[in-house]
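Student: One predicted model, sequence on top.
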Amino acid sequence: MIGYFRRNPALLGVLSLIVLLTVIGCLFSKDFRSVQNFQNVFEQSAPLAFTALGQTVVIITRGIDLSIDAQIALLSSLASGIVDSDAQRAIPVVLGVLALGVIIGLITGGLIVALRIHALIVTLGMAAILQGLALLYTLTPVGGIPDGYDFFGYGRVLGVPVGMALAVVLFAIVGFVLTYTRLGRQIYAFGGDPRAATMAGLPTTRVILFTYCLMGLLTAVTAVFLVSRLGVGNPVADGGFNLGSITAVVIGGTMLTGGRGSVLGTLLGVFMVQLLNNLLNFLDVSTFYQWMIQGAIVIVAVSLYVERRRTRA
Amino acid sequence: MRTTPFLADRSGKQIDVVAVIERYGLLAFCAVLVLLTAAVSPAFRSSTNLQNVLTNVAPLAIIVLGQSMVILVRGFDLSVSSVMATAAVIATQFEGAGGLAFPLTLLVTLVMSLIVGLANGFLVTKRDMSPFLATLATMIVLQGLRFAWTRGAPSGRVPPELQLIGAGQFFGVPVNLLVLAVLTLIVWVALAKTPFGRRVYMVGGGPRAAELVGVNVDRTVIACYVASAVLAGIGGLVLVGYVSGVDNWVGRGYELDSIVAAVMGGVALSGGRGSVLGGILGAFLLTVIFNIVLLLGFPVQLQFVVKGLIIILAMAVYRLGGGAAG
């Protein structure tokens, strides 16, 4: 256990920050230290957790996805618009939306592989297209969800929020795949040195396609979750998941330079961000200063983790 | 068709197709697009519209100048939009100062840009942060400062000199285009004709090698971030002069558009390759695309779709030519 933390100093850092924030919160705010509030924090963490999980795997392969918000806008609008409060359509539409997420990821990954263009540019292009499609479908939130389908967003099983329970399960699965399967090894190997991985005969195309399909699927899950929670999809919503997910990933110790990182770190990163926002809300700190604090934390976190990578050039 | 001696000489063979596409592909793409649209749409070829396009292109192109410099040294600058908005807010803070409003605006904007640029450069070089994160963090911090200062609702008037620069005309030529021309000349000379420019390309081509031959890598990189921030400050002032009203999001989206424009113009994200003139061309192309989509009577939403498709298409054209797209 101690060895594990020594190899992943970021985890220890985030963990101690979480403890610190919790202690401060419990000392200074009565509302903060209620069980109810901790459940809320978990529940609100779910969408960021889904997207950050996908982003982690993408970033390990040296990629990046900036089309998350646009994809959520499109998929959530489609979901609530097509279901339109009809319980019979709910399940097929949810499955359709998940499939569409995978297809979008397949297109993104396919473009990156086929054109060998930087993921940043491809996903920016995809973001513009998806956002445009969302707005062509509808300019305002449409449709709604049938009764009972807010379970995903608000339900609790033995006091644990359903969304967060699902997120933890997904983190466990992806973490297992990354650590114990051949595919996981290939993902790390490709991220560590794409050229060497290619020359060693790794199926690089498959690796990249897989990471973006996973990203697309998890984004679709986020879209479904948000519809379930808010009751309707929003074509102009900007949830800040593009940059939010990257922030959580980075705070969790995954390097943007690829090849290293862990989903556990990301999960802790997500909690830390949510806990911080929650605490600042209870302490009546205005959003403006919350932004500044978040920016400062990114700077501090990354400054602490940096490795000398420039000499590798 | 006759081949130009220049091309024939350069490759030693007939024509080096790859080089031609890499060099002129985007220009040709641009030209075909403009000519086609001009043929189809009378509204597009009207002089008012062309002037409109030219006025619109300047703020983005000014940002692209700086963005290209940063990309040349293997970076990004996501903080440009925040710098632009902050410059715009600064421009409205000296309403009571009369004739001093304009110089004060310039001075304060310059100081703010210098601080942001130095912070970006310092974080990237001395702290070895990824440019993406460093500039993202300064962007968010600056955004927080701006909102806290304006309490979320900026107001006030822009000095008349700025309105002239942003929207005025000089013998039929938009003034902001003249500003762009001067800035482009300065940046182009600095990159193509000076030792500093050579250092920028060396650092971008291989920081380690540059360091070994005695280039001060950190200083060169910091200089590029400072240049980008200062140009973003100027771009923000030009933009706010054009729209002549201010909100907290002036320049929103310019950070990504400027990266896309630079890359479409052949500035390689891997650093060390490309020219700011290409970047300007990319900015022009993006602006024209928006204009065309609007004029052809498509719904505004389609603008997004077309923009995304063109970005990917333009990059594909480069790739087919073996160009420096990535």
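Tutor: Right, received. Where do you want to start?
Student: Regarding A:D238, what are the backbone dihedral angles?
Tutor: The phi/psi pair for A:D238 (degrees, to the nearest 10) reads phi -120, psi 90.
Student: Near it, how many other residues are there?
Tutor: A:D238 has 12 neighbouring residues, counting by other C-beta atoms under 10 Å in any protein chain shown. All C-beta atoms are positioned from the backbone trio N, CA, C, and that covers glycine.
Student: helix, strand or coil for A:G253?
Tutor: Of the three states, A:G253 takes coil according to DSSP: H, G, I helix; E, B strand; the rest coil.
Student: quick one: contacts for the residue lying closest to it once chain neighbours are set aside?
Tutor: Distance criterion C-beta to C-beta, 6 or more residues apart in numbering or on different chains; nearest residue to A:G253, sequence neighbours excluded, is A:A10 at 2.4 Å. For A:A10, the contact set (C-beta atoms under 8 Å, 6 or more residues apart in numbering or on different chains) comprises A:I251, A:G252, A:G253, A:G265, A:A301, A:Y305.
Student: Please tell me how far A:A10 sits from A:D69.
Tutor: Per C-beta to C-beta, to the nearest Å, A:A10 is found 26 Å from A:D69.
Student: if we can go back for a sec, from chain B, how far out is the residue nearest to A:G253?
Tutor: With distances taken as C-beta to the nearest C-beta, to the nearest Å, A:A10 is found 14 Å from chain B.
Student: and A:G201, that's in a helix?
Tutor: No. Assignment of A:G201 by three-state DSSP gives coil, placing it outside any helix.
Student: in chain A, which ranges drop under the pLDDT threshold?
Tutor: Low-confidence segments of chain A, defined by pLDDT under 70, span residues A:1-9, A:304-313.
Student: can you point me to the longest helix in it?
Tutor: helix A:87-115 (DSSP state H).
Student: Quick check: buried residues in it?
Tutor: By neighbour count with 16 or more other C-beta atoms under 10 Å in any protein chain shown, helix A:87-115 contains the buried residues A:90, A:93-94, A:96-98, A:100-102, A:104-105, A:107-113, A:115.
Student: In terms of secondary structure, what does that helix contact?
Tutor: Under the contact definition 3 or more C-beta pairs under 8 Å, 6 or more residues apart in numbering or on different chains; DSSP states H and E, helix A:87-115 sits against helix A:68-83, helix A:119-137, helix A:204-230, helix B:300-320.
Student: Deepest-packed of these, please.
Tutor: The densest packing among these, expressed as mean neighbour count by mean count of other C-beta atoms under 10 Å in any protein chain shown, is seen in helix A:68-83 with a mean of 26.
Student: quick one: that one to helix A:87-115, angle?
Tutor: Using axes from the mean of the first three to the mean of the last three C-alpha atoms, to 10 degrees, the direction of helix A:68-83 lies 150 degrees away from that of helix A:87-115.
Student: between helix A:68-83 and helix A:204-230, how many degrees?
Tutor: For helix A:68-83 against helix A:204-230, the angle between stretch directions is 60 degrees (the same axes, to 10 degrees).
Student: From the contact counts, what lies against helix A:68-83?
Tutor: In terms of contacts (3+ C-beta pairs under 8 Å, 6+ apart), helix A:68-83 is packed against helix A:35-60, helix A:87-115, helix A:119-137, helix A:204-230, helix A:241-251.
Student: what's stretch B:192-204 in contact with?
Tutor: Stretch B:192-204 is touched from outside by B:69, B:72-74, B:190-191, B:209-210, B:213, B:215-217, B:220-221, B:223-224, B:271-273, B:275, with contacts defined as C-beta under 8 Å, 6+ apart.
Student: what subset of those is also close to chain A?
Tutor: When contact is defined as C-beta under 8 Å from any C-beta of the partner chain, the contacts of stretch B:192-204 meet chain A at B:A209, B:V217.
Student: Go ahead and build a ChimeraX selection from the buried members of the contacts of stretch B:192-204.
Tutor: Selection of buried members from the contacts of stretch B:192-204 for ChimeraX, criterion 16+ other C-beta under 10 Å:
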select /B:69,72,73,74,190,191,210,215,217,220,221,223,224,271,272,273,275
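Student: Show me the shaky parts of chain B.
Tutor: Looking along chain B with the criterion set at pLDDT under 70, you get B:1-27, B:318-326.
Student: check contacts around the one residue sitting closest to the centre of it.
Tutor: Most central residue of chain B, judged by C-alpha distance to the mean C-alpha position with C-alpha atoms, centre = their mean, is B:V64 at 1.2 Å. Counting by C-beta under 8 Å, 6+ apart, B:V64 touches B:S258, B:A261, B:A262, B:G265, B:V276, B:G279, B:I280, B:G282, B:A283.
Student: can you pick the most crowded of the residues you listed?
Tutor: When the contacts of B:V64 are compared by neighbour count (other C-beta under 10 Å), B:S258 ends up highest, at 36 neighbours.
Student: Isn't that residue up against B:A283?
Tutor: Yes. With contact defined as C-beta atoms under 8 Å, B:S258 counts as touching B:A283 (7.5 Å).
Student: Quickly list what's touching both of the two.
Tutor: With contacts defined as C-beta under 8 Å, 6+ apart, the residues shared by B:S258 and B:A283 are B:L60, B:I63, B:V64.
Student: Pretty sure the second one sits against B:G233.
Tutor: No. The pair B:I63 / B:G233 is not scored as a contact, 10.2 Å apart, by C-beta under 8 Å.
Student: Compare those two (neighbour count), which wins?
Tutor: Set B:I63 next to B:G233 and count neighbours by other C-beta under 10 Å: B:I63 wins out with 33 against 29.
Student: isn't there a helix covering that one?
Tutor: Yes. When the secondary structure is assigned by three-state DSSP, B:I63 falls within a helix.
Student: So which residues on the stretch 151-300 of chain A come close to chain B?
Tutor: Looking at chain B, the residues of the stretch 151-300 of chain A close enough under C-beta under 8 Å from any C-beta are A:243, A:246-247, A:250, A:255-257, A:286-296, A:298-299.
Student: Restricted to buried residues, select those in ChimeraX.
Tutor: Command for ChimeraX, covering only those of those found buried under the criterion 16+ other C-beta under 10 Å:
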select /A:243,246,247,250,255,256,288,290,291,292,293,294,295,298,299
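Student: so how far is stretch B:300-307 from its chain's centroid?
Tutor: The chain centre lies 21 Å from the centre of stretch B:300-307; the measure is C-alpha atoms, centre = their mean, to the nearest Å.
Student: And stretch B:169-179, by the same measure?
Tutor: With C-alpha atoms, centre = their mean, you get 18 Å for stretch B:169-179.
Student: likewise stretch B:146-162?
Tutor: 23 Å.
Student: can you check stretch B:239-248 too?
Tutor: On C-alpha atoms, centre = their mean, the centre of stretch B:239-248 falls 18 Å from that of its chain.
Student: now do stretch B:167-179
Tutor: In terms of C-alpha atoms, centre = their mean, the centre of stretch B:167-179 is found 18 Å from the chain centre.
Student: cool, stretch B:184-201 as well?
Tutor: Here stretch B:184-201 is found 16 Å from its chain centre; the criterion is C-alpha atoms, centre = their mean.
Student: Stretch B:110-119 now?
Tutor: 18 Å.
Student: Need the residues that contact it.
Tutor: B:79, B:82-83, B:86-87, B:90, B:138, B:142, B:222, B:225-230, B:232-233.
Student: Only the buried residues of it, if you could.
Tutor: By 16+ other C-beta under 10 Å, the buried positions in stretch B:110-119 come out as B:L110, B:M112, B:S113, B:V116, B:G117, B:A119.
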